[in-house]
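**Student:** Structural data only, the sequence is not supplied:
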Ligand SMILES: Cc1ncc(C[n+]2csc(CCOP(=O)(O)OP(=O)(O)O)c2C)c(N)n1
Ligand SMILES: Cc1ncc(C[n+]2csc(CCOP(=O)(O)OP(=O)(O)O)c2C)c(N)n1
Ligand code: SF4
Ligand code: SF4
Ligand SMILES: [Mg+2]
Ligand SMILES: [Mg+2]
């Protein structure tokens, strides 16, 4: 494994002290090092937001694009350059508010690129307005009386759009976060990774239930393909499927692992079930992974059997005539 | 019931002869008449496309807005005027390509308005390019070698975005189409109605399997809440649920109605199953209907307990001082 | 011998009018005529058959050297039905020839066209014009009697019958056309045969009807010898992009979102798709522009095209392109505005937007094509500027150019200018970090692409420190970067050829300045007025921004300057503020090209004012 | 007696600098001084504490009548840490007073600020300037010893200590401030107490340290008698919208998407949300503009606000608004561009975009606010024009105005102009269909809203037939409609007050033309130059489009015209093309307001040129 520091740029990192972004950046450096990705073949592309500052801090090629458009930028980049390793870094506002359309199209097309979506359920950079993931009723500068309407459940939106890979991680579990980044990277198409990230200045504790030592075990279910859905202190709790309804059970009530919901990351319908677990118990890990050819590979196949034309051929076209003196 | 003709404007209808849009317009006139909606309290708002010409042909208030933005226009209109009956008319390109973001936000917010999405799997008005619903491989002016990437399954996208009502109808079954329009109208929030519509000029027969007399029975499953999923000649076929997998069965093989999948339009997960039935057998009817307060009602509640300020109060603000002579 | 002839074909959208128009234009060009064409499509959706909104028109002028436009009023009007006659009757010269398809004037068609019961438009026409009225439907059915095709299919060859008629009238060898038809319809043997037979029937009828009276000889041009082809405006744009990319040794990446009248650029490129020429239909125009920028970052010649509404949507992305200093060619095929406006009509009302339609100081070079073949040169040059000056470039085309066809003397590969983008090779010395914003003598930054080891760098939309490209909020640096970007654009004048007036006069009474698709109309009128010994000259600007350095001198050589544009007066303001001369505006905002007559009368007024003033 | 004093407060973003700056400004205004303020926020994300990028500054000038800006160099500089000193040391006058928080200059802070090991900036400062150095941290901890709060919480009152010091220096009654603090911090008793005690400690220290030498008396203005309040720029915009809506008897609908520095308009309105004042945070700027149009169709006074990137995105929607002829107020709080640019800095580089940033002929009135309080009047007038002329209107504000505060003489309800939109009442006679595009004498169409029986109609983005509003592709109709829309906008001059130069001179040597947030800087300098008997005058434009009818005469009264703007030269081009006068440009593109000194020297050069030319 290479040295994570070799992937850090010389620019001073400028997030608020205590921001969850630091952890994600650190894990990202580590993952790049772990994967030993050549710096010159790696591109990190972001939109606008606190999270979207990340590319400046990574010593590869990088683009800090415009608000909501990293996905569109990357679609063009990878079509033109399928040889590159391109990562998308975005926030809940960037990807899901202004950038929602490009995101769903990228997912439907299955553009191969991991998408690191820093979800802090707030607009950080503009100093605290609701985002499309802010829970109903959230008080913010732009919603002093509470936010209206249901928030997106990002994994559900991604699945609805046709995402071939959907996963969730958190800033406060670095090891799992790295694992998810690696899984996202190795996926054959668009890899949607939602990362719960704490904005300690404008939305502190939005995810504490799921991320903090005291409560994490009781609220976060880590998914492993082929394994039952367990959580609680020492995995004392599990989730069963009662028809189409997930039910929490206590293993001490006589349930065995075989009684539980066995995670199958290839099942699209169960993935929807997981995606809709948006209450006080939430899944982390790979919710869904499906192998489908990437957009860039489809595009390459399309082009590869067509011969490039010479300038001469192009200029002549299909029908000419000669004017003699 | 009022006279459908009273809802027709004096403008000449200008679609290609044979276009499926005619049927939808006709059913729409009929539904307005059936519901006896006051013309002056009804607004029909569209984007741009062949389908989006519809408002010109309806003798209510109407807006032919810009490409992809009918949803955004309506969000503002109904917030300001929750007393109105507002309909959205859009096409697969208008709603799902350029307008995708406003659509998913409207659905998440649950803005009360029926959305009539004319899906012809093509761009009609611009004379034949692929749309985000065109099947993979579709040859068109912009995709002479076939379209790349998976299309959206509109109901799946809508559900992923948090739609509270998702239904499907077709131009060739007027009665059912009217029923769906009425259901969409009476729904308490956003009502997403996908209408299979034939563009006989640029994409003739895209849905013939599902819409034409000869084949409809074999490929189209009409959903009724509380009733089993039946199709085939004289409903001789049914669909069972084998765990999470729908299976086609022949009733003559000894299956009774009780063995079949009983449609429950309130079940969000089964709705996803239906939404993903995008092969040769497809569901028509209300896939999903959930009661959730509409965006405009939430907004009204928020405002209603706050007193409007007088000009004087506004001007004075919270802190003044007096400068004496 | 007539020096030029204008023919206007009109019929229902389903009548194949554009096909025979193009065929006739093609063959006229091959016969050595100068040719200019103009298509008048019905508004976007097909209206019911037989109605006026459903009429499709194709006008062409052919003749000697002086053919620069598709002509004003027609010498010959062909109408396939009553609606076509209703729409275009006023476009026929008082002594013109009307060729009418009788079967298109039956009661049903008259009613569909909105004629009152009992109206007899053809009878009225006969009173003043020379009318050739033929029941084409009956004639083709008779001619194709033997063929194993349905009535409807046979009917669809009516247009070929007309083509045959016209071919005879203008003394063109039948076999030329037959070959053309064969090439176009090679796919189905029966249909091909039917069309050829219908053509021959028309040709034959003309002979037997002894239409000799209408047989006309028309001047030919003396085009330079060489190999020619036809170029339609949008096709020329696509071709220029492909050729420029090859010249620059870069792959081409084109991203677009369909919109009339720009869509055909996407279609044309998609037909040529291969690993050197990628096309991408994006989800909207913003995505198209941004995806193109992504490809530019990756090293492609990137381009996008749209029309008004789509160009407006790209504004933010184009400002981003300016600050990234990446090459990007943006083509605006202008149509009638504002908003959705008149989608199928031509207009020149997006010039100010091209110059100023972005927030912040965000200049980019703006070029305007004047005709279909000129679109090739203009877009090629735009690509060269974009690539060599590392900047987005806007090219203005318009609805008129997009659909019009011209004969084009094909250049050889070597005649085309070379294109050498500032690619970086090698890595910075001493392991220093690469500095993406160090400028060369022309203010151009280097182009380093992912994949190049040692050249890793990060760029974005925030203001950049000079040289390093790192984020900088430093006040003086901001001013320096704004000025540097502006200076780089200003230096694009090094790519210009000298500005030339049409006849080479750089002084006189009246100078008519034009730009874009009005080239032919202005040129034709000015030439005629010169013929009448007026002191008048025409200059047509390709470069709107930066303005050519030699342009001020030309302007100052004339007593009066008039700027003719299809808008409310846009270039005229730029000229006034730049040169402080009292340039006059001559405008038209009707979604239609200038007509010779109206232009002539307006210019005469100016000429008189000069004489009296 | 000093005629004016400039104080610059600076510290870490967490130090509460803006709070005490605003408090001091507020109290100065209440004390009868003229006051002008300027906030200099750190770039968007909080940089690590103690570093230069994390410094937040607040400058204010107070004094007599001639205070028009927040001042150039400061008489007093307050720095809470070494980084603040490093950033602003150069902004203190040579003989200025430096008040430094000693505890912010310890080794850690010096290192964080990037000083070399062993550097002693305060010692150096002492060499040339008057330095009051206090260990504020120690002092507040001592003063608050008894209070049941943590060290960190106590530390957070350091700013109040400084406020106390300043209050004493400028002889303000302590109880005034104590009351202010009470109002601001009413929520938590302990915190309130701590802050008041810290304030008193600072006040006390000044007395005991016998800072009498620094005690200064400063002129007061003689403001008109009446009831005053403070208005911050963005707040003024919000207020004007709310009041205009009430005056027009329409509900207000505001849709926005957060962006610096415009977000506070949304925040302020959201605080006032009720059934007459709806706010909507849209998913993007396009949706915000289009949703606002939806509300306008429904009968609301609709408005949206953004800054550069967001305004660019709205281009297409604004063109749509033009063709719908619905009222819409669009506010652009300009910041440094292009692209993301300098988000927290001020600039005036979006003027050309405001005029021309849409495809097609799509004019709308463009107004510019000159200051926080003027933003009220300007936005109110913009709303009146929008509603009475049925048109979108663009108002330009900027980063400087958005954050600056001014005392405002509150007008009474009756003093405000009435607003009477062209609502339709009743239905058309004889059951004729309602015609939404019939124009009145000023070219204004009627406003009929859903819910009004008999007024059903359909509108859209395609060109409309005059009167009926039905789709029309007719060429002549298009021209007529383009001209009618333009004429309607042109007629907005009827809403204008006469254009006035600052001192009423309409002739002389040099006229300085300005617009927007540079008002104070230009006015101050011109006044000083007038004081030195130069023939110089200042006129500040509120109306950029259409230009006032009386403006040309004013321009022509002067030997030379200079247009001063914070961009690369934009208004100057409009003036040159409109009036054909050789207006000169005086520009700055640094994300910062003009400084008096630089402006003065530039204008002097022009004055000398006039004398010698
Ligand atoms: C077109 C445009 N609109 C608005 C903005 C202002 N803006 C910058 S970041 C941001 C939201 C960021 O939220 P999110 O993506 O959640 O990122 P976070 O800061 O929370 O990491 C907004 C609205 C912008 N830069 N550009
Ligand atoms: C901003 C913008 N981009 C592009 C267009 C061109 N355009 C008009 S309709 C349309 C697509 C229509 O497709 P769809 O919504 O499926 O409607 P249909 O015509 O098939 O009913 C496009 C791309 C436009 N009018 N505006
Ligand atoms: S504002 Fe929030 S998200 Fe942004 S850097 Fe600070 S803590 Fe992190
Ligand atoms: S193009 Fe297609 S969708 Fe449009 S009117 Fe014609 S048939 Fe209908
Ligand atoms: Mg966020
Ligand atoms: Mg469609």
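**Tutor:** Nice, I can see it. Just so it is clear, the structure is predicted and the values come from calculations on it, not from any experiment. Ligands and ions are numbered 1, 2, ... in the order given.
**Student:** Quick one: neighbours of residue C:445, just the number.
**Tutor:** Burial of residue C:445 is recorded as 27 neighbouring residues (other C-beta atoms under 10 Å in any protein chain shown). In short, each C-beta sits where N, CA and C put it, glycine included.
**Student:** What of residue A:279?
**Tutor:** Applying other C-beta under 10 Å, I find that residue A:279 has 7 neighbouring residues.
**Student:** Where do the helices of the stretch 151-300 of chain A begin and end?
**Tutor:** With helices called from DSSP state H, counting those that start in this stretch, the stretch 151-300 of chain A shows them at A:154-161, A:174-186, A:208-211, A:213-219, A:268-275, A:295-304.
**Student:** what residues are up against residue C:120?
**Tutor:** For residue C:120, no contacting residues are found, by C-beta atoms under 8 Å, 6 or more residues apart in numbering or on different chains.
**Student:** now the residue lying farthest from the centre of chain C: how far from residue C:454?
**Tutor:** Distance from the C-alpha centroid of chain C, by C-alpha atoms, centre = their mean, peaks at residue C:430 (51.8 Å). Distance, residue C:430 to residue C:454, by C-beta to C-beta, to the nearest Å: 11 Å.
**Student:** Residue C:408 belongs to a strand?
**Tutor:** Yes. Assessed by DSSP: H, G, I helix; E, B strand; the rest coil, residue C:408 belongs to a strand.
**Student:** Point out where the stretch 201-350 of chain C drops to low pLDDT.
**Tutor:** Low-confidence segments of the stretch 201-350 of chain C, defined by pLDDT under 70: C:210, C:212-213.
**Student:** Nearest to ligand 6 within it, name that residue for me.
**Tutor:** Residue nearest to ligand 6 within the stretch 201-350 of chain C (C-beta to the ion): residue C:258, separated by 10.9 Å.
**Student:** Just give the number of residues close to residue C:220.
**Tutor:** 16.
**Student:** Make sure it is actually in contact with residue C:64.
**Tutor:** Yes. Counting by C-beta atoms under 8 Å, residue C:64 is a contact partner of residue C:220 at 6.4 Å.
**Student:** wait, what's in contact with residue C:554?
**Tutor:** Residue C:554 makes contact with C:499, C:501, C:506, C:511, C:539, according to C-beta under 8 Å, 6+ apart.
**Student:** same thing but at 6 Å, please
**Tutor:** residue C:506 (C-beta atoms under 6 Å, 6 or more residues apart in numbering or on different chains).
**Student:** again with residue C:341
**Tutor:** Counting by C-beta under 6 Å, 6+ apart, residue C:341 touches D:360, D:463.
**Student:** For it, give its distance to residue D:460.
**Tutor:** To residue D:460, residue C:341 is 11 Å away according to C-beta to C-beta.
**Student:** which element is whatever residue of the stretch 351-500 of chain C ends up closest to chain D on?
**Tutor:** As assessed by C-beta to the nearest C-beta, chain D sits closest to residue C:360 within the stretch 351-500 of chain C, at 1.7 Å. Using DSSP states H and E, residue C:360 sits in no helix or strand.
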